[in-house]
Each structure stands twice: as structure tokens, then as C-alpha cells.
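In: Could you work out the structure for the sequence below:
(2 chains)
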Amino acid sequence: MQINDTLKPTEVALLYQSHHAWLSSWLRSRVGCHEHAADLAQDTFVRVLRARQASPLKEPRAYLSAIARGLMIDQFRRRALERAYQESLAHLPEAEVPSEEHRLVILDTLERLDRALQALKPRVRQAFLLAQIDGVSIAQIAQQLDVSRATIERDLAKALGVCYRLRYAER
Amino acid sequence: MPNAENAPAQTQVDQAIDWLVKLRFDTPSPRTERQFQQWLASHPQNPQAWQRVSSLSDELAGLPKALSRRTLDASQRQHSSRRDHLKLLALLAVGGSLGWAARAPLGLPQLLADSSTAAGERRQLQGSDGSRIQLNTASAIDLHYSSEQRLLELIRGEVSLDANANDSRPFRIDTRVGTLGTLDGQLLLRENDNGLLLAVRRGEVTLFPASPSARLVQAGETLQVQANGSSQAVSLRSDPWGWTDGVLSVQQMPLGEFAAELARYRPGLLRCADEVANLKVSGTYQLADTGQILQLLTRSLPVRVEYRTRYWVSIDAA
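Out: A predicted model of the protein is given here:
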């Protein structure tokens, strides 16, 4: 992978001067909150700095709004996941409720896992959850799902490949 | 931030993942371990690829089991219901306009619902083979019939199947813990935290037919099947078939458990305070109105029901 395919800081600075105000108002019209929109606009430019993108940009506003939209969707997903987590806690005995510090680590990991699961076919997802979360052996999963061991091994490798990309390739 | 210059090549990562599958998800033989050591030394990037892949696996392995399962299941459910909506939109596009949908004798929920139910909803279906299927609250299935077999996939929740014995094709049922088979069974399947509850009312059901440890389950048996495939007979404090008649029927069930049962039929949160969770509940309640069931509880037990919002209800000591 080349390292010099991100936008240069001077280009990002120019992008910021020309389009920051526009992006903030674009975001404000969507999230309905001034401060939230300002935060998202900042995050968008942080992401632009890090993103691999051959310069120059032909459609800077389309590019910025695509990144901002992605951030909004991520936030939406994160909130949905936090809600699911909160509701799941209600079913746990007090002693098994993780500490606040541990909670954030768990949620970050679950968020990536959740996104990975969405990208997987149902059987792959099922096999991966049985192996990774429930701790069931490959031989046992193969019997239960009525497919070969080799198929389950392939499923698990595929699922881990998606998890790996989410863990190391982004951000 | 990706340190792209340090990242191991994709081939090394793929190989590391294959080793991880062999070493962590199975009991490796000494020979496999030796081969792994050889692999590790065979390329300068292999140790780093292994380090990254195994620390990813450590992260996942550190997740609390029950909490993670529940959270992921709930979240995946939300995603799949969004997909249902997308399918609906595609369907409407074929129909031409929203106006068409509004006028059609089938309302929107029915268009979606031959295979899924929302919280509090129950549904009866009939397969083209004459089998009768009932879906309980917040559940979804897929049915596929071919010339060789009848296939029911339990995607989430709880379903009862009354397989038509006049059809000679075997019935295969795919669930989160694995596959079941029957010809003429009347059975009930319910996903739960530990795996799957299986109750057989008529006929015979084979659990994991492809496995050497296949188990024949007879009419009258109720089993808890664990995710690892083991199964035990259970006696329940509630009638598992109650919902098929629209009731929740319980005997000496702790209130905490009763509240969790009731919560399945309501959108939002229903919590039960610890100090009243061990009070016992008995009786037969109509599922059509869970609000009324909560009201009834306050008459028979020393509890009060607090509606913090419509979707956040708690049962506390009176």
C-alpha cells in the first residue's frame, strides 16, 4: 500500500476554509442540533486527513457529505447497539454487570463484531457466533449445522477476515 | 490510523487466520503445532501477522458471553427488520405507488408478515403442504419447499410446527443451534439464552440427524438444547404451548422470570426490582393485553407498576 495517497495537509486546510461552513449547515439541517453538527463537521475533516484519497478532489462537497453521512450512520448504529446492550443488561444478575470502564471496551468490540456480522451470510454468521461467543468446537458445529468441517473452517476464516479488516484497516 | 507501511501483506494475514482457526477453534494435534511453528518462521512478516490476528481473537474471546450474545442478537434483529423495510419498499415500487398500497385490502404489516412478527404479535400460517405453523411474538421464519424436502428456517424467536403427515417429504428445520428433522411431528421451538427449547407434542423429532450423536425426541418430551449440542430434559414453570392458545400459563413462577416472559410480548423495557423478583406467580393470563396482566399483578402481589414512559415500565415493591 502506498503511503503518499492521502490528501496533503495544505489541501485539507484549503478544503476546510472553502467548505467548513457549508458542511456545518448541511449537517445542522440533518441532525437538527448546532453543537452536534459542529462535532460531526470536525470529525469529518479528521477523517479526511486520514483517508486514502488520490488528490485533487473533483467534487469536494460530494466527498465531504459522503464522509459525514457515513459518520452519522455510524453514530446511529452505535446508539442502537448501546440500546441493545442496555436492554440486555436488564436480564443479567447484578454481579455480572461489567464496570463502566470495561463497558466501553466491550461496546467498541461489539460494535465491530456487529458490523462484521452484518456483512456475513446467515450460515457464516451462525457458525461464527457458535464458535466465537458460545465456544462450540468446529466438529460439533459441523454436525449441528449439517455441513462439512471444511465448510465451517472456511466460514470462520471468512468471518475473521472481515473482523480483521474492520479492526486494522479502518480509521 | 492505519500504519500501512507496517501492515503485513494480505497473504500473510490470510494464512495467520487459517492457523488461528486450526489452533483456537479446535484442539490442535502436536503435529499441527509443529507445522504452525514452521510457518511462523517461514516468512519475516508471519510473526507480526500472527500477533495481530491473535490479539484480535483475544479481544473477541474477552467478551462476556451471555451479554454479548443478547446484545448482538438484538442488534442483528434491528438490522434485519430494516432489511424487511427495504424489501417492502421494493415491493411498493413494483406495485406502482403508495396510494396503491393504502387502497389494497392487505395492509402494510400483512405484506411483510408472512414470515415475521413484531413484539406482541402472533401469526398463523399454512404451508403449501398443509402443515400448520404458528409464529410467536418477535419471531421470523423462512419456508422453502422443494421436491425432496420441506425446510423451515427459524431466524429468530419462537415457532410451533404441526407437520402434515400426508406429505412424504422429510421436514428439515434449521435453528441457531443446528438442524432437526421430522416427518409428522407437532413441535415447538424457542430460542433462548442457552440455545433452544424443543417441545414435542406428537410424532417424533430427530435432533441433529447428521450427527453420530443424533437424538430421537418423542411426543411428550421437552428438552433444552445447548449451543454445544448437548440436551437435557427440563420441567418448566410455564406451559410452553400456552401462547399458541393466546395465553401465558404459569405455576409458581418467580416474578422476575414472569416479567422477563411478559417483556417478550411488549416493545420497550420491562424491569422487575430485585426485592420482589422471588415472589411467586401462578395463573393463566390473556396475552392479548399485557397492560392488564401487569394490573392484575398489583392485585395479587405486594407490588406496584410504574410507567416511567410507555416503553419503560418497572415492577417495584408496593
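In: ok, how many other residues are close to whatever residue of the stretch 51-200 of chain B ends up closest to chain A?
Out: Nearest residue of the stretch 51-200 of chain B to chain A (CB to the nearest CB) works out as B:Gly178 at 2.7 Å. Every residue, glycine included, has its C-beta placed from N, CA and C. Applying other CB atoms under 10 Å in any protein chain shown, we find 27 residues neighbouring B:Gly178.
In: residues contacting it?
Out: Counting by CB atoms under 8 Å, 6 or more residues apart in numbering or on different chains, B:Gly178 touches A:141, A:143-146, B:207-208, B:211, B:229.
In: mind running it again at 7 Å?
Out: A:144-145, B:208, B:229 (CB atoms under 7 Å, 6 or more residues apart in numbering or on different chains).
In: Ranking by neighbours, what's the top pick from those residues?
Out: So for the contacts of B:Gly178 (other CB under 10 Å), the most neighbours sit at A:Gln144, 30 neighbours.
In: Need the phi and psi values for the residue sitting furthest away from the middle of chain B.
Out: Within chain B, the residue lying farthest from the chain centre (CA atoms, centre = their mean) is B:Pro44, at 44.3 Å. Main-chain torsions, B:Pro44, degrees, to the nearest 10: phi -60, psi -30.
In: what's the spacing between A:Ile152 and B:Glu158?
Out: From A:Ile152 across to B:Glu158, the span is 26 Å (CB to CB, to the nearest Å).
In: same deal with B:Leu248?
Out: From B:Leu248 across to B:Glu158, the span is 13 Å (CB to CB).
In: re earlier: of A:Ile152 and B:Glu158, give the one with the bigger neighbour count.
Out: Neighbours were counted for A:Ile152 and for B:Glu158 using other CB under 10 Å; A:Ile152 has more, 29 against 25.
In: buried sites along the helix or strand that that one is a member of?
Out: Here A:Ile152, judged by DSSP states H and E, is contained in helix A:149-164. By neighbour count with 16 or more other CB atoms under 10 Å in any protein chain shown, helix A:149-164 contains the buried residues A:151-164.
In: near chain B too, which of those residues?
Out: A:153, A:156-157, A:160-161, A:163-164 (CB under 7 Å from any CB of the partner chain).
In: what sits up against the helix holding A:Ile152?
Out: Applying CB under 7 Å, 6+ apart, the set of residues contacting helix A:149-164 is A:112-113, A:116, A:119-120, A:123-124, A:127-128, A:131, A:138-139, A:141-142, B:13, B:17-18, B:20-21, B:25, B:53, B:56.
In: A:Leu110 and chain B: what is the separation?
Out: 6 Å (CB to the nearest CB, to the nearest Å).
In: And the helices in chain A?
Out: Secondary structure of chain A by DSSP state H: the helices cover A:9-31, A:34-50, A:60-89, A:100-118, A:122-132, A:138-145, A:149-164.
In: ok, A:Ser65 - contacts?
Out: With CB under 7 Å, 6+ apart, A:Ser65 has these contacts: A:Trp26.
In: okay if I get the ones next to chain B among the buried residues of helix A:149-164 as JSON lines plus pLDDT?
Out: Formatted as JSON lines, these follow (pLDDT from 0 to 100):
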{"residue": "A:Glu153", "pLDDT": "96"}
{"residue": "A:Leu156", "pLDDT": "97"}
{"residue": "A:Ala157", "pLDDT": "97"}
{"residue": "A:Leu160", "pLDDT": "96"}
{"residue": "A:Gly161", "pLDDT": "95"}
{"residue": "A:Cys163", "pLDDT": "94"}
{"residue": "A:Tyr164", "pLDDT": "94"}
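In: Closest one to B:Ser75 out of those, please.
Out: Comparing those against B:Ser75 with CB to CB places A:Cys163 closest, at 15.5 Å.
In: Quick check, pLDDT for the residue of chain A positioned farthest from its centre.
Out: Relative to the centre of chain A, the most outlying C-alpha is that of A:Gln143, 32.6 Å out, by CA atoms, centre = their mean. Confidence at A:Gln143, expressed as pLDDT, is 91.
In: roughly how far apart are it and B:Pro302?
Out: Counting by CB to CB, the gap from A:Gln143 to B:Pro302 is 50 Å.
In: try B:Thr290
Out: B:Thr290 is 20 Å from B:Pro302, by CB to CB.
In: Ok, A:Asp155 next?
Out: 52 Å.
In: next one: B:Ala288
Out: 26 Å.
In: between those two, who's got more neighbours?
Out: B:Ala288 (12 against 9).
In: ok, and does the helix or strand where B:Ile17 lies reach over to chain A?
Out: B:Ile17 is part of helix B:10-24, with elements assigned from DSSP H and E. Yes. Against chain A, helix B:10-24 shows contacts by CB under 7 Å from any CB at B:13, B:17-18, B:20-21.
In: after that helix comes which helix or strand?
Out: helix B:30-41.
In: how distant is whichever helix or strand comes after that following helix from the center of its chain?
Out: Scanning forward in sequence from helix B:30-41 by DSSP H and E, the next helix or strand is helix B:46-61. Distance, stretch centre to chain centre, for helix B:46-61: 30 Å (CA atoms, centre = their mean, to the nearest Å).
In: mind listing what's buried in helix B:46-61?
Out: B:46, B:48-50, B:52-54, B:56-57, B:59-60.
In: ditto for stretch B:117-131
Out: Those buried within stretch B:117-131 under the rule 16+ other CB under 10 Å are B:117, B:122-123, B:125, B:127, B:131.
In: Format the residues you listed as a markdown table; extra columns: secondary structure, pLDDT and distance to B:Ser139.
Out: A markdown table is the format used below for these (DSSP: H, G, I helix; E, B strand; the rest coil; pLDDT from 0 to 100; distance: CB to CB, whole Å):
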| residue | secondary structure | pLDDT | distance to B:Ser139 |
| --- | --- | --- | --- |
| B:Thr117 | coil | 84 | 5 |
| B:Arg122 | coil | 91 | 9 |
| B:Arg123 | strand | 89 | 8 |
| B:Leu125 | strand | 87 | 11 |
| B:Gly127 | coil | 84 | 16 |
| B:Ser131 | coil | 91 | 17 |
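In: Now do the buried residues in stretch A:123-134.
Out: Counting neighbours by 16+ other CB under 10 Å, stretch A:123-134 gives A:124-134 as buried.
In: contacts with chain B among those, please.
Out: Checking the buried residues of stretch A:123-134 against chain B (CB under 7 Å from any CB), the matches are A:126, A:130-134.
In: so where's the stretch 1-150 of chain B uncertain?
Out: B:1-5, B:79-114 (pLDDT under 70).
In: how close does A:Leu156 sit to A:Val162?
Out: 11 Å.
In: now do A:Glu35
Out: 34 Å.
In: What of A:Ala150?
Out: Taking CB to CB, one finds A:Ala150 at 19 Å from A:Val162.
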